[in-house]
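Sequence unavailable; structure follows:
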């Protein structure tokens, strides 16, 4: 297990590999469509890395993260497009607002455990989705709204190439942040909580505060990814705020491997790219997708990255 | 008064469906600790199969029976081919497997039975019955009546038959049940079959009223899950009360407050209950082994 | 294979055959690529499924008849499942990867609007199959649409109501984009026809019981009629609940419901329901003098023969989209995107399933209110309201 860890290098090795991958990938991308997929993978990875901190490391489940994602997207969209705020300010404001909401609601919700917490977060996500979809005058309703492009210091970010570098950089920053968090006292506290809440409390860990902090961090990351997605696409609909997307996010995290930051990235990559690859199956697409998902989880129950790490570790 | 009665009828009918689905969640959870996200697909299977059979000319009573059997078959197949191979996996993985299963089942239904909506003829006609100024469809009475019958039957099964008691024992303490010679793997299979039965019955009962299509399972599964949590996961009575309460909250919310926000009202109520009663309405205070 | 002579003969034949096919492949003209992203699954499957089926059916038919301007048509369809982000990604795929010549798609307003900026930027003629008026208002250079706008549906309904002396109405709409958009348009134009909305309820996309909402509407003061914008399951359930509650006032459905499937699903409850729809639904009872008769009867026959299910106006919109594009390509005598766009904009007198289309630089839809007929359900079938 330890050998596998150092192999994947939860320090500079793995991160370096990721940097290299992002830097060299454009050479293999023939057109905008492929850049688009890469960007979407990056955005999903940001959410998943944050969600993994919550689910994999702290052992708390959230079935409502699409709500934070969507809230970040819509707040930034509405502020920049309807009220004319500069888009970078809207982005930050959206992240801050979502963080505040997560903070306020997190305390009572995080007292719940296991499936009850799942239900509470699911409910929260649905409530957010319903509000966004119903307040048509503000959000354009189910048909969605156009979003102003992101401009940094007056320079508008347009085009897949530019966005690729922005998202790539932000994803790297997120992974780096995650590693730092995991190795910090907060991270250790979270892992202790995951192991046993009672024992952690007995050791003097303030579990309520630790859980709340990581909940807020993962919510802010989701909101950030949401705002970026809105500005990148130039259009947003409530579809991405719904519970199906929340479930999709959790699936990405589990598929890649819980408690594995790289796993979250891999999971995001696979589940974002897979529907594109499966279009060849036409009518059979859903069926094949479901079967592939089941088979992967049956044969690799710990998730892709931990299982592969174990196999490679054993080979050595 | 007539208005309130109408809202109550509407809420109870829909609530009965939620209750059956919630019971299905609880039975599987009790036997395995898994939340079966494919639960809604059993409802879809029951409804779609009966619609398909009736359209192909099969008499309604026979179609209903075959549809329920088909639903049970899917549940058993799910357990045998997807859950059992992964039985040593962590619970989260099993949940993702059920999610994959629900996508696959939907994909299969869409392939074999198409993407359109279908209707099933009601069991005893369509003429609404007027009670106290409010109307209720005969089919709704079937839904409520059959649900009550199923619940009573389940109660008898669990308390009076050896198999039922074996299931309760497994739910209580799996290791101990194994030690007294209960075939835990069979119990798991049975629990999936039973849940599928409940789902398929709900599907067959409600399709004449609500129409059916390949993706009705998603929403019904979600509401059933919410109802099960509201009542307190692991508790059968809780599931039933949760289902009825959810149905009533939706109908009364739509009727007296705002129809646009009725889902919101229902989920706010659920959240509030969970915050103040972290184990759901009937959840027992659990003891955790340290 | 023992005989070396036989072996040589077979290899030579193989090489010759390969060369022949390679040669003919070079001589044969490149295909005309028609790209499409549709919501074949998901909440709008009721619309997307017949759209896909129609496109496939007629591309095959056109190819059998020799293709268009001497080239075969190649159809590339992706299913966005109603997700606007997926739609945008697929649009990019169609434009950049598959390099299509024209795009016919966008089942819903959300998926259409998400892809519009791409079409404008890349300069690809795009024929949308979605309903909201915002798609062509303001007019965008490369974007056209075939379905009537939701505003037109409201105006047709209100016109009929005014003629019947109805002035106070209720509305009940679903939570989907189509429903909300049409409801907004109806609220906007109600004044023009002297209509006041005295009740306004909504239901969820997958709701199975609307009696609570209808009970509230029933008790609204002075209400004379009910309008139900929506499509698919919702309106069928609303109609059934409506009868269950014994409500006798006129019930108007929208063009979203336009398929005999609605009558099948709602059963007897559909009796007396009125809705605006294209001539396609009453193909058989159209007088022979009607300009649309030939087109709609032909489409109905082809579709029902191939797929065994009832036609719907959504499939009809896809038919119109395809043939508008094909006619434009014929007139432009090429697949040059700019020329095809200009030809599309110059379409005059095209007779489709939705109506007679006359486009212009300021009108990228081309239909007027006469394209809508007011229909009523009588004895399980559509009849024309004079």
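Here it is on my side, so go on. Quantities reported herein were computed from a predicted structural model and do not represent experimental measurements. Numbering: from 1, shown residues only, chains lettered A, B, ... in the order given.

For the closest residue to chain C within the stretch 151-290 of chain B, grab the count of nearby residues.
Distances between the stretch 151-290 of chain B and chain C by Cβ to the nearest Cβ are smallest at residue B:210, namely 3.3 Å. For the C-beta atoms, the positions are set from N, CA and C on the backbone; glycine is no exception. Residue B:210 has 26 neighbouring residues, counting by other Cβ atoms under 10 Å in any protein chain shown.

Helix or strand: which one has the residue lying closest to it once chain neighbours are set aside?
Excluding the flanking residues, the one nearest residue B:210 by Cβ to Cβ, 6 or more residues apart in numbering or on different chains is residue C:208, at 3.3 Å. Counting by DSSP states H and E, there is no helix or strand that carries residue C:208.

I'd like the distance between residue C:208 and residue B:208.
Using Cβ to Cβ, to the nearest Å, one obtains 11 Å as the distance from residue C:208 to residue B:208.

Of those two, give the one with the bigger neighbour count.
Shown here are residue C:208 and residue B:208; by other Cβ under 10 Å, residue B:208 has more neighbours (26 against 23).

any idea how far stretch B:10-23 is from the chain center?
Centre-to-centre, stretch B:10-23 and its host chain are 8 Å apart (Cα atoms, centre = their mean, to the nearest Å).

any bit of it sitting next to chain A?
No - using Cβ under 8 Å from any Cβ of the partner chain, stretch B:10-23 stays clear of chain A, coming no nearer than 11.8 Å.

as a whole number, average confidence for that stretch?
Averaging pLDDT along stretch B:10-23 gives 92.

where's residue 172, which helix or strand?
No chain was given, so I picked chain A. For residue A:172, the host element (DSSP H and E) is helix A:160-183.

Oops, wrong one, chain C.
With DSSP H and E as criterion, residue C:172 is part of strand C:168-173.

Tell me who's in contact with whichever residue of the stretch 51-200 of chain B sits closest to chain C.
Closest residue of the stretch 51-200 of chain B to chain C, Cβ to the nearest Cβ: residue B:115 (4.1 Å). Residue B:115 makes contact with B:213-214, C:40-41, C:45-46, C:49, according to Cβ atoms under 8 Å, 6 or more residues apart in numbering or on different chains.

biggest separation within those residues, which pair?
Farthest-apart pair in the contacts of residue B:115 is B:213 and C:40; separation 13.6 Å (Cβ to Cβ).

Looking at the two, which one has more neighbours?
For residue B:213 versus residue C:40, neighbours defined as other Cβ under 10 Å are more numerous around residue C:40 (27 against 24).

does that one count as helix, strand or coil?
Judged by DSSP: H, G, I helix; E, B strand; the rest coil, the three-state class of residue C:40 is coil.

still on that earlier bit, the residue of the stretch 151-290 of chain B closest to chain C touches residue C:209, doesn't it?
Yes - in terms of Cβ atoms under 8 Å, residue B:210 counts as a neighbour of residue C:209; the distance is 7.0 Å.

Which neighbours do these two have in common?
Residues touching both residue B:210 and residue C:209 (Cβ under 8 Å, 6+ apart): residue C:237.

about what we covered before: filter the contacts of residue B:115 down to just the ones in strands.
Among these, DSSP state E puts none in strands.

Any chance of TSV for those, columns distance to residue C:231?
Output for the contacts of residue B:115, formatted as TSV (distance: Cβ to Cβ, whole Å):
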residue	distance to residue C:231
B:213	13
B:214	17
C:40	15
C:41	15
C:45	11
C:46	6
C:49	12
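
Which of those residues fall in helices?
Under the assignment DSSP state H, these contribute C:45-46, C:49 to helices.

tell me which of these is nearest to chain A?
Of all the ones in helices among the contacts of residue B:115, residue C:49 has the smallest distance to chain A: 10.4 Å, by Cβ to the nearest Cβ.

Give the closest residue to residue 219 in space, chain neighbours not counted.
Just going to use chain A. Residue nearest to residue A:219 in three dimensions, not counting chain neighbours: residue A:102, with 3.6 Å by Cβ to Cβ, 6+ apart.

nope, chain C please
Leaving aside its chain neighbours, residue C:219 sits nearest to residue B:3 (6.8 Å; criterion: Cβ to Cβ, 6+ apart).

that older thread, please give the element, helix or strand, for the residue nearest to residue A:219.
For residue A:102, the host element (DSSP H and E) is helix A:87-109.

Who are the packing partners of that helix?
Applying 3 or more Cβ pairs under 8 Å, 6 or more residues apart in numbering or on different chains; DSSP states H and E, one finds that helix A:87-109 contacts helix A:65-77, helix A:114-134, strand A:151-152, helix A:207-233, helix B:262-276.

Rebuild these as JSON lines, extending it with mean neighbour count and mean pLDDT.
JSON lines is the format used below for the helices and strands packed on helix A:87-109 (neighbours: other Cβ atoms under 10 Å in any protein chain shown; pLDDT from 0 to 100):
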{"stretch": "helix A:65-77", "mean neighbour count": "31", "mean pLDDT": "95"}
{"stretch": "helix A:114-134", "mean neighbour count": "24", "mean pLDDT": "91"}
{"stretch": "strand A:151-152", "mean neighbour count": "14", "mean pLDDT": "82"}
{"stretch": "helix A:207-233", "mean neighbour count": "25", "mean pLDDT": "93"}
{"stretch": "helix B:262-276", "mean neighbour count": "20", "mean pLDDT": "89"}
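
Now do the residue nearest to residue A:219: how many residues are near it, please.
That count, for residue A:102 with other Cβ under 10 Å as the rule, works out to 25.

I'd like the contacts of residue B:115 laid out as TSV, including pLDDT.
As requested, the contacts of residue B:115 are exported to TSV (pLDDT from 0 to 100):
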residue	pLDDT
B:213	89
B:214	90
C:40	92
C:41	88
C:45	87
C:46	85
C:49	92
